[in-house]
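Enquirer: Coordinates for the following, if possible.
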Amino acid sequence: MPEGTLNEKQIRAKLKDYYDNSIQCGLEAFVVKKDSPKLKRMSLSEDTNGQGKNFRTILKEMFFNILGEQYLSQEAEYADGRQLADNQHKYLIFEQGENFQPFTYFDDESEIGEFILEDLTDASGLAFRLRKGENTIWLYQHLWSIMVPNKKKTNIMARLMQFENQVVFSEQNESLLTIAKKVDVLIMDNCLITSNIILLQKYFGFQDYIYQSAQQAVQSIVQKNLVVNTEKLTEYISRGKSKYAKKMMRIGSSKVLNLTQEQLIDKINSLARWRGKFNVNQDTNQITLNTYGEVESLIDLFDERYTRSDVTNTEYDTNVKTVAQP
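Expert: Residues are numbered from 1 along each chain as shown. Now for the predicted structure:
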């Protein structure tokens, strides 16, 4: 992962520290709007329910249950976001940076205002800030239209009231807000942790991030001076579907990039898997890419997609890999 990006061990350690000390943690709630100031602080009722819990306590317990049952469970797996193309159904980790920073305003106090009822018509999400001392974790929940009933007051909403033995219906004038038992994106230490890639693609400019990451991967290959016609790599990621750029993204964290040009050509010439896959100029130690299929073979070379069994010497094709412990 890039320097500064959290890994699974660090994420689990930080979340467990919050989870184990939940009583000491404070919770603040915000409505997220499209225009500045984007955060509108929600005042939470201090009235208690029949169990002696106010609304803030109920919300805090719900979100800590989510962290414990989902993000801290033994079954939960995490992966570098550049492995997006592998469809691993894991929590993917993305660092916010120059090319992708959808939630950096969360830490900008000038982006915080006080919520008024009219803000609900332009609300796009909810944000919850967990505080422990000077440290914070943000939980983002996207507001789909179904979660704000009667947002545009196009329907007549009814509310129910109990009077003795009779249930009475009356008009519900104000819009309602549903807070769901979910966390779409977890934000901590400038990193996003999420499995909801569709949400990022649809609302947070994630397509640009994909192409920019793919272009960075292309530049890593260009710097190796391994490929004569590097424009073939750019053509490949610029094709109509983002799946090609996602494939190129995979090599961004590859250890194969540490090999020199000469070492790479030696691997191509000597290993049965790669021998004959490319048009190699032995005088210049460079290859010419004639087809997009050869581009994908080059991606597979850098991504180490193929693995061989030490026991049976059988070769396997795998998209999902984790580094094995010795």
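
Enquirer: for residue 264, phi and psi?
Expert: phi -70, psi -40 (degrees, to the nearest 10).

Enquirer: who are the neighbours in contact with it?
Expert: When the contact criterion is C-beta atoms under 8 Å, 6 or more residues apart in numbering, the partners of residue 264 are 224, 226, 256, 301. (Glycine included, C-beta is placed from N, CA and C.)

Enquirer: if we go to 6 Å?
Expert: Contacts for residue 264 were tallied using C-beta atoms under 6 Å, 6 or more residues apart in numbering; they are residue 226.

Enquirer: What of residue 40?
Expert: Under the criterion of C-beta under 6 Å, 6+ apart, the contact list for residue 40 reads 31, 113, 115, 119.

Enquirer: Could you rerun that using 10 Å?
Expert: 29-33, 111-116, 119-120, 122-123, 127 (C-beta atoms under 10 Å, 6 or more residues apart in numbering).

Enquirer: Just the buried residues from those residues, in ChimeraX please.
Expert: Buried subset of those, written as a ChimeraX selection, criterion 16 or more other C-beta atoms under 10 Å:
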select :29,30,31,32,33,111,113,115,120,123,127
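
Enquirer: Out of the contacts of residue 40, flag the one nearest to residue 80.
Expert: Closest to residue 80 out of these is residue 127 (25.0 Å), distances taken as C-beta to C-beta.

Enquirer: So which of the contacts of residue 40 belong to strands?
Expert: Mapping the contacts of residue 40 onto strands (DSSP state E) picks out 29, 30, 31, 32, 33, 112, 113, 114, 123, 127.

Enquirer: Distance check, the second one against residue 79.
Expert: Going back to what we said before, that points to residue 30. Distance from residue 30 to residue 79, counting by C-beta to C-beta, to the nearest Å: 29 Å.

Enquirer: swap in the first one?
Expert: If you measure residue 29 against residue 79 using C-beta to C-beta, the figure is 30 Å.

Enquirer: same question, residue 295
Expert: Between residue 295 and residue 79 the distance, using C-beta to C-beta, works out to 23 Å.

Enquirer: okay, the closest residue in space to residue 170 that isn't next to it in sequence: pLDDT?
Expert: Here the nearest residue to residue 170 in space, its sequence neighbours aside, is residue 159; by C-beta to C-beta, 6 or more residues apart in numbering that works out to 5.8 Å. Reading off the per-residue confidence, residue 159 sits at a pLDDT of 76.

Enquirer: Quick one: classify residue 159 as helix, strand or coil.
Expert: Three states are possible here, and by DSSP: H, G, I helix; E, B strand; the rest coil the one that applies to residue 159 is strand.

Enquirer: by contact count, what packs against the longest helix along the chain?
Expert: With residue count as the measure and DSSP state H as the assignment, the chain has helix 206-222 as its longest helix. Applying 3 or more C-beta pairs under 10 Å, 6 or more residues apart in numbering; DSSP states H and E, one finds that helix 206-222 makes contact with strand 91-95, helix 197-203, helix 231-237, helix 242-249, helix 292-303.

Enquirer: Between these, which one is closest to residue 133.
Expert: Between residue 133 and the helices and strands packed on helix 206-222, the tightest spacing by C-beta to C-beta is seen for strand 91-95, at 23.5 Å.

Enquirer: give the contact list for residue 119.
Expert: Remark: with contacts taken as C-beta under 10 Å, 6+ apart, residue 119 is in contact with 31, 32, 33, 40, 42, 113.

Enquirer: ok, so of those, who is nearest residue 215?
Expert: Checking those against residue 215 by C-beta to C-beta gives residue 32 as the nearest, at 29.9 Å.

Enquirer: where does the nearest residue to the closest one once chain neighbours are set aside land in three-state SS?
Expert: The spatially closest residue to residue 32, leaving aside those adjacent along the chain, is residue 125, at 3.9 Å (C-beta to C-beta, 6+ apart). Reduced to three states with three-state DSSP, the structure at residue 125 is strand.

Enquirer: Surely residue 125 is in contact with residue 184?
Expert: Yes: applying C-beta atoms under 10 Å as the test, residue 125 and residue 184 come out as touching, 8.0 Å apart.

Enquirer: so what's in contact with the two at the same time?
Expert: Overlap of the contact sets of residue 125 and residue 184 (by C-beta under 10 Å, 6+ apart) consists of 140, 141, 142, 143, 199.

Enquirer: Let's see which of the residues you listed end up in strands.
Expert: With strands taken from DSSP E, the overlap with these comprises 140, 141, 142.

Enquirer: quick one: low-confidence ranges for the protein?
Expert: By pLDDT under 70, the weakly predicted segments of the chain are 1-4, 49-50, 86-88, 150-152, 308-326.

Enquirer: Can you give the domain ranges for it?
Expert: As recorded under automatic domain parsing, the domains making up the chain are 8-148+175-204, 208-317.

Enquirer: which one of those lies closest to residue 154?
Expert: domain 8-148+175-204 (11.0 Å).

Enquirer: May I have the distance across that closest one, first residue to last?
Expert: By C-alpha to C-alpha, to the nearest Å, the extent of domain 8-148+175-204 from end to end equals 24 Å.
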